[in-house]
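**Student:** fold the following and give me the result.
(chains A, B, C and D)
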Protein chains: 2
Amino acid sequence: MPVETKPEATARTSPPLTERQEARRRRILHASAQLASRGGFDAVQMREVAESSQVALGTLYRYFPSKVHLLVATMQDQLEHMHGTLRKKPPGGETAAERVAETLMRAFRALQREPHLADAMVRALTFADRSVSPEVDQVSRQTTVIILDAMGLEHPTPEQLSAVRVIEHTWHSALITWLSGRASIAQVKIDIETVCRLIDLTEPGADR
Amino acid sequence: MPVETKPEATARTSPPLTERQEARRRRILHASAQLASRGGFDAVQMREVAESSQVALGTLYRYFPSKVHLLVATMQDQLEHMHGTLRKKPPGGETAAERVAETLMRAFRALQREPHLADAMVRALTFADRSVSPEVDQVSRQTTVIILDAMGLEHPTPEQLSAVRVIEHTWHSALITWLSGRASIAQVKIDIETVCRLIDLTEPGADR
DNA sequence: ATCAAGTCTGAAACTTGTTCTAGATTAGCG
DNA sequence: CGCTAATCTAGAACAAGTTTCAGACTTGAT
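**Tutor:** All right, here's what the predicted structure looks like:
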């Protein structure tokens, strides 16, 4: 009888991991984040991750079927952490647009503290192919939740969801341009503020 | 004396290429696009590109210092072509927002005809690190020109340029979600139309 | 026509992600 | 406790991007 199967996929849901497996998974994610913090995407080398986390290479691949999977999982991990942090101090802006912009800028400042880590995670996210779609989607949903939280919405309209999607697009792409040195921090700020104005357009009572 | 140097960087500008070099460069780009059309990013294998274009591997790397450089150059090439095509039939919408959305959707339909090629180019673009920044920037500028063309603007305001930047962000990111199967064609259309509304906000006479 | 400098070629080597294998270890079950 | 299926480990092997090198070829200048 199967004792345990497929630890990688959506660890939280399907097969309950044993104590030691959970610990392994943590060690791996920790090593991944650590190496990423040093030198970004390229510095996360599978052999090194395996060694750092005291796990055989084959085992690493059993938990995370590719480098991109690993980094996306690392991002999920970090995102959760970030969501918790953001929740504690809700943004103080007057309008929904202001609050969202403030929240994103706060997240952006957090990323600036670990630019290499940000690089590794974002590059993995955009480089991911179809085989990673479920995990990437999870990240996207988590981001959506964070934004809706900032807007203070319970039941967003389809229009508002569209706006949120566009904000996420802008957020990701702006991050990339910043990480690759093609846009300044100030530029990213402007882009975020610009796109957040879209929210006003979808506010009840906005003409169009 | 140097007969020819660094053919790769911004071939159009710095060192004039000889006839044969220009021909080599064309052959390489052609092979790249061909292979990409077949199987996307992964199918563009440097050894195969070299063989298809009748050039030694070392030479390929002299012209394009990495696979990403090659694919970004391929994208520049395709973009130029696309700009030419789009120019011929200007969009017919009433408002700037409509015209931009129409133009982007037209480009999107073109990409749909060669989804693998689109995959290769877009993945390369977003995966590019700092060493490719100049080339990626060039692509970005070209895209900006196409959008401004569609808007029919001669002298955009800084606000309008911001809107254009956000539109580009959305365009890239929406393409990625489509290519990785996380968004439908219809979804991309909605996102484009949504972000294009930003243009209205920056129209002279828009309150804010 | 000849020469020097630079380019192109072909092939091997190196790097890092990924796969595979044989044997040791672990977990749940009777 | 002992069995059995599954997991974990160590290490080799493979794949594709990238680098390197010696020698053949081009080019522009003398």
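
**Student:** so the longest helix seen in chain A, near DNA strand C or not?
**Tutor:** Longest helix in chain A by number of residues (criterion: DSSP state H): helix A:19-43. Yes - using C-beta under 7 Å from any atom of the strand, we find that helix A:19-43 touches DNA strand C at A:19, A:20, A:42. The way it works is simple: take the backbone N, C-alpha and C, and place the C-beta from them, glycine included.

**Student:** quick one: the helix or strand that contains residue A:59 near DNA strand C?
**Tutor:** Element membership for residue A:59, per DSSP states H and E: helix A:57-63. Yes - using C-beta under 7 Å from any atom of the strand, helix A:57-63 reaches DNA strand C at A:57, A:58, A:61.

**Student:** out of those, who's near DNA strand D?
**Tutor:** Applying C-beta under 7 Å from any atom of the strand, the subset of the residues of helix A:57-63 next to DNA strand C adjacent to DNA strand D comprises A:57, A:58.

**Student:** going by neighbour count, which of the residues of helix A:57-63 next to DNA strand C comes out on top?
**Tutor:** Ranked by neighbour count (other C-beta atoms under 10 Å in any protein chain shown), those have residue A:61 at the top, with 17 neighbours.

**Student:** can you pull the contacts of that one?
**Tutor:** residue A:46 (C-beta atoms under 8 Å, 6 or more residues apart in numbering or on different chains).

**Student:** residue A:182 in helix, strand or coil?
**Tutor:** coil (DSSP: H, G, I helix; E, B strand; the rest coil).

**Student:** that one and residue B:184: what is the separation?
**Tutor:** Computed with C-beta to C-beta, to the nearest Å, the distance linking residue A:182 and residue B:184 is 30 Å.

**Student:** more crowded one of those two?
**Tutor:** Set residue A:182 next to residue B:184 and count neighbours by other C-beta under 10 Å: residue A:182 wins out with 17 against 11.

**Student:** list phi and psi for residue A:149.
**Tutor:** phi -50, psi -50 (degrees, to the nearest 10).

**Student:** wait, doesn't it sit right on residue A:91?
**Tutor:** No - Residue A:149 is beyond contact range of residue A:91, at 9.4 Å (criterion: C-beta atoms under 8 Å).

**Student:** okay, and the common contacts of these two?
**Tutor:** Taking C-beta under 8 Å, 6+ apart as the contact rule, residue A:149 and residue A:91 both touch residue A:103.

**Student:** local confidence estimate at residue A:32?
**Tutor:** Confidence at residue A:32, expressed as pLDDT, is 98.

**Student:** so what's it closest to, chain neighbours aside?
**Tutor:** Here the nearest residue to residue A:32 in space, its sequence neighbours aside, is residue A:74; by C-beta to C-beta, 6 or more residues apart in numbering or on different chains that works out to 4.7 Å.

**Student:** now do the helices in chain A.
**Tutor:** Residue ranges of the helices in chain A, as given by DSSP H, are A:19-43, A:46-52, A:57-63, A:67-88, A:96-113, A:115-127, A:133-151, A:158-179, A:185-201.

**Student:** next, the buried residues of the fifth one.
**Tutor:** Spelled out, it's helix A:96-113. The neighbour-count check on helix A:96-113 (16 or more other C-beta atoms under 10 Å in any protein chain shown) flags A:96-105, A:107-108, A:111 as buried.

**Student:** what pLDDT, on average, does that helix get?
**Tutor:** On average, helix A:96-113 scores 96.

**Student:** likewise for the fourth one?
**Tutor:** Helix A:67-88 shows an average pLDDT of 94 in the prediction.

**Student:** tell me the contacts of residue A:189?
**Tutor:** A:105, A:108.

**Student:** confidence score at it?
**Tutor:** pLDDT for residue A:189: 98.

**Student:** ditto for residue A:18
**Tutor:** On the pLDDT scale, residue A:18 gets 82.

**Student:** about what we covered before: from the buried residues of helix A:96-113, which two are the most distant?
**Tutor:** Across the buried residues of helix A:96-113, the longest distance by C-beta to C-beta is 22.6 Å; it joins A:96 and A:111.

**Student:** residue A:180 reaches residue B:131, doesn't it?
**Tutor:** No - counting by C-beta under 8 Å, residue A:180 does not reach residue B:131; the two are 9.3 Å apart.

**Student:** neighbour-wise, which of the two wins?
**Tutor:** Legend: neighbour count by other C-beta under 10 Å for residue A:180 and residue B:131, higher for residue A:180 (22 against 13).
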